[in-house]
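Asks: Can you look at this prediction? I've put the sequence above it.
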Amino acid sequence: MVIVEEKCMQSVPPPPYFPNASTLPPPPFPGEHRGVAKPSDLPPHLLLKIVYMTFPQTPGIDEGKIERQRKTLCWLSTQLRSVNRSFYIACEHVLRSTYLPAYNSMIRPPYSSDPFPFSSSASTSSCDTLQRETKVLDLFIALKVHEDVMVDDSSLHLEREDSFKDLFDLMQPRSRLEDLVRHYGVREGVVHTNPHGVNASPSSSSMFRVNNSGIGSASTSKWTSDLAPVPFSALSISFSPRRVGLVLTASGRKRTIVDVARTRDEKLEVTAKKLVLQLKVWLSDGPR
């Protein structure tokens, strides 16, 4: 038997019915109302898991599992990734990892490929990468998903061999060469990737110092140690099997500042090093 003293019970005040204004309300309602949660608010790994779960694992009535999955890939490319940034990143992860082996199999020797370099800056947005070959990969994916669905839907549709000709004869080696020029140019101090520019940027007169033929001067004058690097965003490549030019764009004008010869079996790495070397000569020879 437990004897409860009435005096002890009365000496303990009851808990307050309302919390003090300075304290937070009890759970499960901490803090202020955050609004309705959206799928894009999920952590990236959970959103990626949801995207993967959209792929069918069983065959349909008139189509197999592979055909249904190809239609899902087409849906990711044409619709789901356009919802918002979060879905775009998740869909691009699935699409690029799926079609990268097919993309690499179509690289033509002696060309090389590296759409996802390990040296990429962690601060660079995955939606706005410096690697220009990544855009070519995305174009390949957009064309490939369409061709795959068309082949599955109709036996009369024949995949043309020249569908990817422009991509791998011109766009892929050109974008890869631009990425190599950026890599070697930054290492040599003649190219910069800072979006806000550098303290000593080349003037318009020095950037457009060209000879009568329209090709940038590349004399063997003495190199200086304080070369002002050129922004990579202003550089592009004019590509052909026999000659390659480095094009500089400023104030709405395009000029070929460096032009070098190449052979058909020459590796892109060799061509990029020659372009960077001539760019260094052009910068040192131009007026400061």
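Replies: That came through fine. Source: prediction; values computed, not measured. Residues are numbered from 1 along each chain as shown.
Asks: can we go C-alpha only for contacts and neighbour counts from here?
Replies: Fine.
Asks: pLDDT weak spots in the stretch 1-150 of the chain?
Replies: The stretch 1-150 of the chain contains residues with pLDDT under 70 at 1-12, 14-35, 118-128.
Asks: for Asp259, phi and psi?
Replies: phi -140, psi 130 (degrees, to the nearest 10).
Asks: Could you verify my assumption that it touches Val244?
Replies: Yes. Counting by Cα atoms under 8 Å, Asp259 touches Val244, with 5.8 Å between them.
Asks: What is the burial count for Val256?
Replies: Residue 256: Thr, not Val. 23 (other Cα atoms under 10 Å).
Asks: tell me what the helix or strand harbouring it is packed against?
Replies: Thr256 belongs to strand 253-261 when assigned by DSSP states H and E. Counting contacts by 3 or more Cα pairs under 8 Å, 6 or more residues apart in numbering; DSSP states H and E, strand 253-261 packs against strand 243-250, helix 268-285.
Asks: Deepest-packed of these, please.
Replies: Among those, helix 268-285 has the highest mean neighbour count (mean count of other Cα atoms under 10 Å), at a mean of 21.
Asks: So for that one, mean pLDDT?
Replies: Averaging pLDDT along helix 268-285 gives 94.
Asks: Quick one: list the elements packing against that helix.
Replies: Going by 3+ Cα pairs under 8 Å, 6+ apart, helix 268-285 lies up against helix 172-188, strand 253-261.
Asks: Out of those, indicate the one that is most buried.
Replies: helix 172-188 (a mean of 22).
Asks: what inclination does that one have with respect to strand 243-250?
Replies: 70 degrees (axes from the mean of the first three to the mean of the last three Cα atoms, to 10 degrees).
Asks: what are the pairing partners of the helix or strand just after helix 172-188, and which direction each?
Replies: Toward the C-terminal end, the helix or strand that comes next after helix 172-188 (DSSP H and E) is strand 191-192. Strand 191-192 has these partner strands in its sheet, going by DSSP bridges: strand 230-231 (parallel).
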